Each structure stands twice: as structure tokens, then as C-alpha cells.
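Peer 1: Sequence first, predicted model second:
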Amino acid sequence: MARIGIIGSGGRMGRAIADVLAASDEHACAGGVDRDTVLTDLAGHADALADFSAPDALVANLAAAREARTPILIGTTGLTGEHHAAIEEAAAVIPVIQTGNTSLGVTLLAHLVGEAAARLGPDWDVEILEMHHRMKVDAPSGTALLLGEAAARGRGVELGDKRESGRDGHTGRRGEGAIGFAALRGGTVAGEHSVIFAGEQERLVLSHCAESRAIFARGAVRGTAWLIGKPPGRYTMEDVLGLPSLRA
Ligand SMILES: NC(=O)C1=CN([C@@H]2O[C@H](COP(=O)(O)OP(=O)(O)OC[C@H]3O[C@@H](n4cnc5c(N)ncnc54)[C@H](OP(=O)(O)O)[C@@H]3O)[C@@H](O)[C@H]2O)C=CC1
Ligand SMILES: O=C(O)C1=N[C@H](C(=O)O)C[C@H](O)C1
């Protein structure tokens with residue numbers, strides 16, 4: 001039985017993961033931590049860690065996981081380039097998954113988006129629309145960025161060179177080949193994403209709707225448990241689900 005430690009255990013996702021573990025015959029909860037509680041003990045006795053906390057906790061979380069040689073799945077979003085560099089460093093020592101969305105549906109959606117972007121070509125404008133609950137603090141969502149990366153990869157471009165978000169005021173016309181992002185916030189929406197391919201007089205829209213956080217929690221438990229016993233390295237939800245890799 002895999003014993004999973006939850007970082008951010010008192011939060012919305014932490015509680016959803018605890019519910020999945022409580023109902024599981026295969027996995028158990030090794031305990032949880034939040035801000036100002038001690039992570040090193042948990043890292044030492046859990047078989048693997050699931051981190052759904054906050055970006056400012058990431059460096060300390062990775063350090064504790066490295067120190068204890070405990071695999072870690074990072075679901076926290078709003079990460080910077082420095083965070084991604086720290087994840088790469090940790091992955092030299094322990095197995096790591098970092099993903100903006102642990103659900104099966106979004107993992108598959110990213111493949112469809114990459115395929116559509118590759119086949120439709122640059123004449124089709126790509127816009128990504130997301131909506132989340134009023135408590136979400138980062139935008140665009142990690143999932144929107146993951147889908148943008150998939151579209152960019154399908155087109156053979158870097159998302160960083162093509163990203164357009166937060167349009168407001170006299171923005172000028174759409175950049176050539178831009179991948180646009182728009183974020184809506186309100187109510188209790190668990191997560192909705194649409195990738196719109198807008199061509200000449202036609203649009204293709206690929207969408208995912210999360211009806212509850214349980215879908216993320218189930219994927220998080222599956223992905224975290226999957227890491228146990230793997231060699232150090234950076235893994236993806238595609239690896240967990242046995243899908244072809246989206247990595248370049
Ligand atoms: N990858 C995926 O599939 C998904 C990712 N997410 C992401 O997961 C993260 C958490 O989301 P959600 O549960 O809704 O957020 P919440 O704000 O509900 O929960 C965050 C939790 O993390 C804790 N926390 C904050 N800072 C630290 C810290 N420095 N050290 C340890 N714990 C800390 C908080 O504790 P305290 O209250 O004491 O501050 C809180 O318990 C977000 O980044 C979100 O975008 C969410 C859903 C799915
Ligand atoms: O904060 C959330 O709630 C969610 N965050 C993730 C994201 O940023 O994409 C995943 C999911 O959409 C819910």
C-alpha cells in the first residue's frame with residue numbers, strides 16, 4: 001500500500017486528495033502539511049508526496065523531498081521559470097511529475113490540441129479561454145498554459161514567443177501566429193477550458209469541463225503513486241497513462 005503525503009492538505013485540493021485516499025483500498029494518506037507546519041517529517045515517512053500548495057512553497061518542498069529521496073508530484077500552478085529550473089534540478093535526484101492538470105480528460109485534450117494545431121497550420125488563430133472559481137489566484141491557469149504549450153509544440157513554435165494574454169484597451173491587432181489567453185473568474189467553477197481554432201468562416205473548439213475537483217484528486221493520487229520506485233527523472237501524466245509523450 002502506497003502512503004502518500006499531502007502538501008497543502010487543508011486546501012481545496014488537499015482535502016479532495018484526502019477523500020480519494022480515505023476511499024482507496026490501494027493507497028493511504030501518510031499525513032499532511034500546510035503553511036508553517038513541518039514538512040521534513042512527512043517527507044521522511046511518506047512513500048511519495050503530492051504538492052498542491054503555493055508557488056512560494058515550492059523550493060522548500062523540493063528540498064525536503066530531495067533530502068528524504070521521496071518522489072513528488074507537483075500540481076501547484078502559477079510557477080515561474082526559476083521554479084521550473086528548480087524542478088529540473090530536483091529531477092536529477094528524485095522522480096518528479098509537474099503538471100497543471102492531473103485529469104485524464106485534459107491529458108488527452110492536450111494531445112488533440114497538438115494534433116489540431118499541427119494539421120490546421122498557422123492560418124487558424126488559437127485562443128484559449130478558461131473559467132475558474134472566484135478563489136483562484138493565478139491566471140492564465142496552469143491548464144491553459146499546458147494547452148498553449150501543446151498548441152505551440154504542434155506548430156513548431158515557442159509559446160513564450162507567441163503568447164498574448166490580458167488584452168485590454170487599444171491593443172492593436174492580433175499578433176501574427178499569436179496564441180491568446182483569456183481568463184474568467186467567478187462562483188465555484190472547478191475548471192473549464194476551451195481551445196478555439198478560428199479560421200476563415202469556421203471555428204473548431206476543443207473543450208474540457210471539470211465537474212468537480214475529484215477528477216484532479218484521482219489523477220493526482222494515481223500519478224503520485226506511479227512515481228514510487230521509478231528512477232530519478234522528470235515524468236509526465238502521459239507517462240502515467242501510457243500515452244505517447246508530448247515532450248519535444
Ligand atoms: N494540477 C492540477 O490538476 C490542479 C492544480 N491545482 C493547483 O493547486 C494549488 C492549490 O489549489 P487549491 O487547493 O485550490 O488552493 P487552496 O488555497 O485551497 O489550498 C492551498 C493550500 O496550500 C497551503 N499552503 C500555502 N502556502 C503554503 C506553504 N508555503 N507551505 C505549505 N502549504 C502551503 C495552504 O495553507 P494556508 O491556508 O495555511 O495558507 C492551503 O492549505 C493551486 O496552485 C491550484 O492552481 C488545483 C487543482 C488541480
Ligand atoms: O486552481 C484551480 O482550481 C485549478 N487549477 C489548475 C489550473 O491552474 O489549471 C487545474 C484546474 O483547472 C483547477
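Peer 2: Perfect, I can see it now. Residues are numbered from 1 along each chain as shown. Ligands and ions are numbered 1, 2, ... in the order given.
Peer 1: Could you use CA atoms for every contact and neighbour count after this?
Peer 2: Will do.
Peer 1: do you know how far the residue nearest the centre of the chain is from E200?
Peer 2: Using C-alpha atoms, centre = their mean, the residue of the chain that lies closest to the mean C-alpha position is G100, 0.9 Å off. Using C-alpha to C-alpha, to the nearest Å, G100 is found at 31 Å from E200.
Peer 1: next SSE after the lowest-mean-pLDDT helix or strand in the chain?
Peer 2: In the chain, the helix or strand scored least confidently by mean pLDDT, DSSP states H and E is helix 39-45, which has a mean of 91. Next in sequence after helix 39-45, counting helices and strands by DSSP states H and E, comes strand 48-51.
Peer 1: Sheet partners, orientation included, of that following strand?
Peer 2: Counting by DSSP bridges, the strands paired with strand 48-51 are strand 2-7 (parallel), strand 72-74 (parallel).
Peer 1: R153: which of those is closest?
Peer 2: strand 72-74 (22.1 Å; C-alpha to C-alpha).
Peer 1: Give me the distance between the closest one and the centre of its chain.
Peer 2: With C-alpha atoms, centre = their mean, to the nearest Å as the basis, strand 72-74 stands 10 Å off its chain's centre.
Peer 1: residues from this protein in reach of ligand 1?
Peer 2: Residues of the chain found near ligand 1 (C-alpha under 6 Å from any ligand atom) are 7-14, 34-35, 52-54, 56-57, 75-77, 99-102, 216.
Peer 1: Those residues in strands, which ones?
Peer 2: Using DSSP state E, the subset of the residues of the chain next to ligand 1 located in strands is I7.
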